[in-house]
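Chemist: Turn this into a structure:
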Amino acid sequence: MTAILGAGMSGLSAGFYLLKQRHPSAVTIYEASNRIGGWIRSERFDDDGFIFEGGPRTMRTKGPAAINSLNLIDELGLADQVRPIHSNHVAARNRMVYAKGKLNMLPSDVFGLIKVIPPFTKPLFFAGIKDLFTGRSKPQLEDETIYEFTRRRFGKEIADYAIGAMICGICAGDAKQISVKFLLKHLFELEQKYGGVFIGLLKESMSARKKKTLVGEDSLTNLANRAKNEHWSIYSLNGGLQQLPDKVGSILSQKQVDIQINVNCKEILFDSKKVHLLMNGQEKTVDHLISAIPSHQLAKCVAKQHPNLSKGLDAIPFVDVAVINLRYNSPKLQKHEGFGFLVPPIENLPILGVIFDSCCFDMKQNTVLTVMMGGAWFHQWFGDNPSEEQLLDTALKHVNNILKIDQTPNHYKVNILRKCIPQYVFGHHKRVEKIKQYIRENNLPIALCGASYDGVGVNDVILSAKTCVETLFNKESG
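Modeler: Below you'll find the predicted structure:
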């Protein structure tokens, strides 16, 4: 028997890929909460024509992980439920940052690189010139914070207003703490190898060994081909992204995969061949375990028998995020159109950014916004236990100040997401490798997947589940 801990998107995907591999043993998924889907949480208001997303709301279309997700959605029979945003859509073209007291549109084409666009004080092509003359770091580095890498190669303004804001939007984190390998691993490796980013890109493009096609492009499904040919930028699903875990869960249940909710794992013990799980006061014994729960939760479960493993798992930090959904019964209240805006940390504000949901997707005659707050600075701004009223008041204050919307929302929801996003801080990849090395050296029958290790996005956790299952299956076959 194989057990999977966690019925978020990674745990559900692991169950699905086990079925695809025709895994011979029974599979049971255990979930501590009262629902499946993890941080994906859609609330649909059909009568009023709008959706509140409490967590992830869109998925990207480029890269191997994105292609894998599109292929999965096709396999699930959800292709006709996809709501794409094409690359020429205003939500794909218009990305903004709030800086120096106003909203600033970021460049969306090459012409934006040759003129001064606030909040930057000189054309962005000067950042490329700086990279050309900076040279290789001395000594060569194994890792670096993404802020310091960007500041060193492209200048402080790019680090402060572009990368700082981007990291807030992707993982609610502080770029001065996050590893460069989280987002710019390839550029960092080019610099270390060739002495510069643009020189490295040029030499790589001229190399005869450069791959001509994207990894996985030869196995695109119809949906992935559509995304490519129709130039999708991002997409969601009708009824919200919750449709994805719900569909996977439904298929698993039809295939006799047992999904048990409200089951909390307190302790995990390993012997030479089995895994013993203490859950809800009872012991379950299985042959294999896939952990799709956050690393800090797994750390508590293995602490008694494997304290060193627990210490490594617990060293991966997480942040709290407040997500405030606002719905106004009036269309297009915000004067700017686009995906939304981010707030770089240098502005010293409690909000990370605002998403213009009703600009991205049709919400009938409603203006729907999502305000993201806190992240790496949650406790600095809000303390340990802020009230929903405090968070709502803060969100409305900044919506009013920045977007000039002073109306009272007709509907709202305050979501406090505790330890929801892992932070890939300096040295993260080395830390994860040590965790996996410990598991290998001690021959523990456990495999890891999920956002804690190899990517925080929905695409990333789905691919991590697939890779995890393939590794487990190949190990058994071997």
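Chemist: measure stretch 28-40 end to end?
Modeler: End-to-end distance for stretch 28-40: 21 Å, by C-alpha to C-alpha, to the nearest Å.
Chemist: Just the buried residues of it, please?
Modeler: Neighbour counts over stretch 28-40 (16 or more other C-beta atoms under 10 Å) mark Thr28, Ile29, Tyr30, Glu31, Ala32, Ile36, Gly37, Gly38, Trp39, Ile40 as buried. (C-beta placed from N, C-alpha, C; glycine too.)
Chemist: For the residue nearest to the fourth one when sequence neighbours are not counted, grab phi and psi.
Modeler: Spatial nearest neighbour of Glu31, excluding adjacent residues (C-beta to C-beta, 6 or more residues apart in numbering): Ala7 at 3.6 Å. Note on Ala7: its backbone torsions stand at phi -110, psi 40 [degrees, to the nearest 10].
Chemist: so Ala7 touches Asp246, yeah?
Modeler: No: Ala7 lies out of contact with Asp246 (C-beta atoms under 8 Å); the separation is 11.0 Å.
Chemist: In terms of neighbours, single out the busier of the two.
Modeler: Ala7 (29 against 20; other C-beta atoms under 10 Å).
Chemist: that older thread, residue contacts, the residue nearest to Glu31?
Modeler: The neighbourhood of Ala7, defined by C-beta atoms under 8 Å, 6 or more residues apart in numbering, consists of Ile29, Tyr30, Glu31, Ile36, Gly37, Gly38, Pro245, Gly249, Ile259, Ile261, Ala292.
Chemist: For Thr394, see how far away the closest residue to the fourth one other than its chain neighbours is.
Modeler: Looking back up the chat, that one is Ile36. Excluding the flanking residues, the one nearest Ile36 by C-beta to C-beta, 6+ apart is Ala7, at 4.1 Å. As for Ala7, its distance to Thr394 is 32 Å (criterion: C-beta to C-beta, to the nearest Å).
Chemist: Over to Val263?
Modeler: 36 Å.
Chemist: ok, now how distant is the residue lying closest to Val82 once chain neighbours are set aside from Ala26?
Modeler: With sequence-adjacent residues excluded and distances taken as C-beta to C-beta, 6+ apart, Val82 is closest to Tyr235, at 5.3 Å. Distance of Tyr235 to Ala26, given as C-beta to C-beta: 34 Å.
Chemist: ok, the two, which is more surrounded?
Modeler: Neighbour count, other C-beta under 10 Å: between Tyr235 and Ala26, Tyr235 has more, with 22 against 13.
Chemist: hang on, the earlier thing: inside helices: which ones of the contacts of Ala7?
Modeler: Pro245, Gly249 (DSSP state H).
Chemist: tell me which of the contacts of Ala7 is nearest to Leu333?
Modeler: Proximity of those to Leu333 (C-beta to C-beta) peaks at Gly37, which lies at 29.9 Å.
Chemist: and the closest one, what is it in contact with?
Modeler: By C-beta under 8 Å, 6+ apart, the neighbours of Gly37 are Ala7, Gly8, Met9, Leu12, Gln242, Pro245, Asp246, Gly249.
Chemist: which non-adjacent residue is nearest the second one?
Modeler: In space, not counting the residues next to it along the chain, Gly8 is nearest to Gly38; the distance is 2.4 Å by C-beta to C-beta, 6+ apart.
Chemist: Report the outermost residue of the chain with respect to its centre.
Modeler: Distance from the C-alpha centroid of the chain peaks at Ser272, with 35.6 Å (C-alpha atoms, centre = their mean).
Chemist: Nothing else from me, thank you.
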